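# fold the following, please.
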Amino acid sequence: MFIGEYSHNIDAKGRIIIPSKFRDELQDSFILTRGLDGCLTIYSKKQWDKLFEEINKLPTTRKAARQYIRVLTSGAGEVTLDNQGRIQIPSFLSKAVGLKKECYVIGANDHVEIWDKDAWDAYYAEASESFEDVAENISDFLIDE
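Numbers count the residues shown, from 1 in each chain. Got it, this is the predicted structure:
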């Protein structure tokens with residue numbers, strides 16, 4: 001499980017540190033791709049395989065499914081940690097989500113997300129305002145039967 005929020009900068013070569021608390025679960029290599037809501041997403045290989053099983057169930061006769069699959073997989077790639085715990089972010093992915101220098105690396109339960117600082121601050125402020133309403137609206141999904 002990935003939890004927590006960490007502030008890190010992208011260096012001049014497009015590298016960012018992955019927090020040590022995440023590295024153990026991610027291991028030496030993992031999948032980096034475009035995420036939802038304007039961030040990049042990191043999946044362990046195990047989690048990526050689980051996600052791919054679900055993606056393979058999507059009906060490719062539906063345009064939305066094809067679009068989702070294409071955007072998710074076309075930018076996906078395996079990345080490895082260097083000796084200092086950093087990964088290289090391809091420039092096309094950085095541009096796609098507007099990453100600048102200051103970023104947040106956050107745990108999001110089963111994956112890790114990389115956000116531009118300004119985008120995360122705006123997203124978090126908006127999400128925080130409706131946090132209790134959202135919790136109430138999704139509570140039916142959380143009840144064990």
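# ok, the residue lying closest to residue 108 once chain neighbours are set aside to residue 52 distance?
In this structure, residue 108 finds its nearest non-sequential neighbour in residue 2, 6.2 Å apart by Cβ to Cβ, 6 or more residues apart in numbering. Any C-beta I mention is one placed from the backbone N, CA and C, and that applies to glycine too. Here residue 2 is placed at a distance of 19 Å from residue 52 (Cβ to Cβ, to the nearest Å).
# residue 140 too?
For residue 140, the distance to residue 52 (Cβ to Cβ) stands at 28 Å.
# residue 2 and residue 52: which is more packed in?
residue 2 (20 against 15; other Cβ atoms under 10 Å).
# show the contacting residues for the more buried one.
For residue 2, the contact set (Cβ atoms under 8 Å, 6 or more residues apart in numbering) comprises 22, 25, 107-112.
# ok, residue 41 next?
32-35, 108, 111-114.
# which SS state does residue 118 fall under?
Secondary structure state of residue 118, per DSSP: H, G, I helix; E, B strand; the rest coil, is helix.
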